[in-house]
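Colleague: model this:
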Amino acid sequence: MKYYRFKQEGRMNCDVRVFATRDLYNQIEKTALKQLFNAASLPGVVGVIGLPDIHQGYGLPIGGVMCSSLKKGVISPGAVGFDINCGVRLLVAGLRLEDIIDKLDDIMSGLKNEIPAGLGVNSTLTFTDQQFERVVEEGLPFLITRLGYGQTIDIAACEENGHLKGADLTGVSKKAINRGKKQLGTLGSGNHFLEIQVIDKVYNHNSGLEEGQISIMIHTGSRGFGHQIAEDYINIAKKRAKKYNFDFPTKNLASFPINSPEGEDYYRAMACAANFAFANRQILTHFVRQVINHFIPGTFITVYYDLAHNICKKEIHQINGKKKALLVHRKGATKLSPDGIALVPGSMGTDSYIVRPKNQEALKAAFESVSHGAGRKMGRRQARKKLSYREHLKSLGEVRVTSATNDNLLDESPLAYKDISEVIRSLKETGLAEPVVRLKPLAVLKG
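Modeller: Numbering: from 1, shown residues only. Take a look at the predicted model:
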């Protein structure tokens, strides 16, 4: 087990641990480390972790984990982020590379036509007020069993069975609801994508997957619904600071006491956004099944796994050798259970991975958390200024990229991200995880 340790000092309530190889550690911005120290200074925080893909974010860095005591700790909208339950789903098709390669362009064109994508783009679907309420409060079980978007076996393949308990729409603003109703069933923009892949390497044959098999990865979240909930509650937290005598190290980490009325309202609203995102990825799965079956009839597509990487959840972990009930904020970080798996996507044009635990003690020290992806090494503005379109195209190799908005996507170039193989190496060397399967991209749909 290897990690960098920063001992508790000053206003910090706990040590900070950063899991990374020396090469990746040397790439971490000082501002990202400062954000970890700030998080450790919040009331009742008992654990703060940085992961190999860490980079500066809003409040808590992306690739950061913050754990609060359920009795005396805080809940922080900024430590969850604006895209609540931004997450990844992996689908596996009963196809091999030779079955799909000649039809790949047609399939990607069909997906582009069927799936709304881009900044602020609205859904082609319509939901009644009651249907929307039940989707965001009940998640996948309602969406699948009552509205017919998928198969009941899809539910068990999702983190939390696609339903984060405690969701209640009463604490969600009308503005957020209006944005959500229009965008349920959309891909979004930025780093969100839908990618057709081939299973390139199987390291562990207990995975049930075979080299040459086709998979589909979906990366999206709660869209404008989650963004509005985050914005609403961050503003409320800033205004209520005096009420709870809070002095935040930065306004971006504005928080509530977990058991306060505002804290409980935020958790219920956040759970609604989490369920929205599970449902959103399920609806996109429905579209994928329709499109691929149009071009290759009889194709069976299963959900392999679906997970969140911007969320907070109540979990049991060890603190100083004792089991404690904690509220775990993960921002750009993925839950990896001791007997589970996690999905670690690369950037556009690079490999993605399925990983499993390597060293149980290391995983415990990281509060059962691993990287959510490659992590940026350039901001969007910097990438647009620094990268040429020729360099970008070269970095894609043979991967076919379709942009729903015809953007040149320089800010999403693989060159703007850390090397995913180095991130995986960091996970291995620190003892957090090891690869089970490597997935190679064939074609990508971006917003």
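Colleague: Going along the chain from the longest helix anywhere in the chain, find the next helix or strand for me.
Modeller: Longest helix of the chain, by residue count under DSSP state H: helix 261-295. Using DSSP states H and E, the helix or strand that follows helix 261-295 towards the C-terminus is strand 301-308.
Colleague: Could I get the CA-only coordinates of that next one as CSV?
Modeller: Extracted in CSV, the C-alpha atoms of strand 301-308 (Å, rounded to 0.1, in the frame of the first residue of the first chain):
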residue,chain,number,x,y,z
ILE,A,301,-27.6,-6.2,-25.2
THR,A,302,-27.1,-6.6,-21.4
VAL,A,303,-26.2,-4.1,-18.7
TYR,A,304,-22.8,-5.2,-17.3
TYR,A,305,-22.5,-2.4,-14.7
ASP,A,306,-23.6,1.1,-13.9
LEU,A,307,-22.0,3.4,-11.3
ALA,A,308,-22.0,7.0,-10.1
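Colleague: What helices and strands are in contact with that strand?
Modeller: With contacts defined as 3 or more Cβ pairs under 8 Å, 6 or more residues apart in numbering; DSSP states H and E, strand 301-308 has these neighbours: strand 87-96, helix 153-156, helix 261-295, strand 333-335, strand 342-344. Heads up, the C-betas are built off the backbone N, CA and C, glycines and all.
Colleague: quick one: strands adjacent to the fourth one?
Modeller: What that stands for is strand 333-335. strand 369-371 (antiparallel) (DSSP bridges).
Colleague: Show me what the partner strand is in contact with.
Modeller: 49, 51-53, 63, 65, 328, 330, 333-336, 342, 344, 355, 423, 426-427, 432-433 (Cβ atoms under 8 Å, 6 or more residues apart in numbering).
Colleague: so how far is whatever helix or strand comes next after that strand from its chain's centroid?
Modeller: Where DSSP H and E defines the elements, the next helix or strand beyond strand 369-371 is helix 380-386. Helix 380-386 sits 23 Å away from the centroid of its parent chain (Cα atoms, centre = their mean, to the nearest Å).
Colleague: same check, this time on stretch 42-49
Modeller: 21 Å.
Colleague: buried stuff in that stretch?
Modeller: 42, 43, 44, 45, 46, 47, 48, 49 (16 or more other Cβ atoms under 10 Å).
Colleague: swap in stretch 313-326?
Modeller: 313, 315, 317, 324, 326.
Colleague: Same check on stretch 267-283?
Modeller: 267-283.
Colleague: try stretch 206-220
Modeller: 209, 213, 214, 215, 216, 217, 218, 219, 220.
Colleague: From residue 216, how far out is residue 14?
Modeller: 40 Å (Cβ to Cβ, to the nearest Å).
Colleague: hmm, back to that, so of the buried residues of stretch 206-220, which ones are in strands?
Modeller: Cross-referencing the buried residues of stretch 206-220 against strands under DSSP state E gives 213, 214, 215, 216, 217, 218, 219, 220.
Colleague: Compile the residues you listed into CSV and extend it with columns for distance to residue 383.
Modeller: Below are these laid out as CSV (distance: Cβ to Cβ, whole Å):
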residue, distance to residue 383
213, 33
214, 30
215, 27
216, 26
217, 22
218, 23
219, 18
220, 21
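Colleague: Which one of these is nearest to residue 19?
Modeller: residue 219 (22.5 Å; Cβ to Cβ).
Colleague: So in terms of bridging, what pairs with the closest one?
Modeller: residue 88, residue 193.
Colleague: How about residue 198?
Modeller: Bridge pairing for residue 198 - DSSP bridges - gives residue 214, residue 440.
Colleague: got a pLDDT number for the closest residue to residue 373 other than its chain neighbours?
Modeller: Setting aside the residues directly before and after it, residue 373 is nearest to residue 345 in space (Cβ to Cβ, 6 or more residues apart in numbering), at 4.9 Å. Residue 345 is assigned a predicted lDDT (pLDDT) of 96.
Colleague: wait, what's in contact with residue 345?
Modeller: 88, 195, 217, 219, 352, 372, 373, 374.
Colleague: Give me the below-cutoff pLDDT ranges for this structure.
Modeller: Residue ranges of the chain with pLDDT under 70: 1, 406.
Colleague: Surely residue 255 and residue 248 touch.
Modeller: Yes: with contacts counted by Cβ atoms under 8 Å, residue 255 reaches residue 248, the gap being 6.9 Å.
Colleague: so what sits against both of these two?
Modeller: Residues touching both residue 255 and residue 248 (Cβ under 8 Å, 6+ apart): residue 42.
Colleague: So these two - more neighbours on which side?
Modeller: residue 255 (34 against 20; other Cβ atoms under 10 Å).
Colleague: Now do the phi/psi pair for residue 98.
Modeller: phi -70, psi -20 (degrees, to the nearest 10).
Colleague: tally of neighbours for it?
Modeller: Counted with other Cβ under 10 Å, residue 98 comes out at 9.
Colleague: one step back: tell me the one of the buried residues of stretch 206-220 nearest residue 417?
Modeller: residue 219 (13.1 Å).
Colleague: re earlier: so which of the buried residues of stretch 42-49 sit within strands?
Modeller: 45, 46, 47, 48, 49.
Colleague: Show me which of the contacts of strand 369-371 are buried.
Modeller: Buried subset of the contacts of strand 369-371 (neighbour count, 16+ other Cβ under 10 Å): 49, 51-53, 63, 65, 328, 330, 333-336, 342, 344, 355, 423, 426-427, 432-433.
Colleague: any idea which element residue 227 lies in?
Modeller: helix 223-239.
Colleague: List the residues that contact residue 268.
Modeller: So residue 268 contacts 166, 167, 168, 170, 171 (Cβ under 8 Å, 6+ apart).
Colleague: my guess is the third one contacts residue 275, does it?
Modeller: Meaning residue 168. No: taking Cβ under 8 Å as the definition, residue 168 is not a contact partner of residue 275, at 10.8 Å.
Colleague: could you dump the ones in strands among the buried residues of stretch 42-49 to a markdown table with distance to residue 125?
Modeller: Output for those, formatted as a markdown table (distance: Cβ to Cβ, whole Å):
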| residue | distance to residue 125 |
| --- | --- |
| 45 | 40 |
| 46 | 43 |
| 47 | 41 |
| 48 | 40 |
| 49 | 38 |
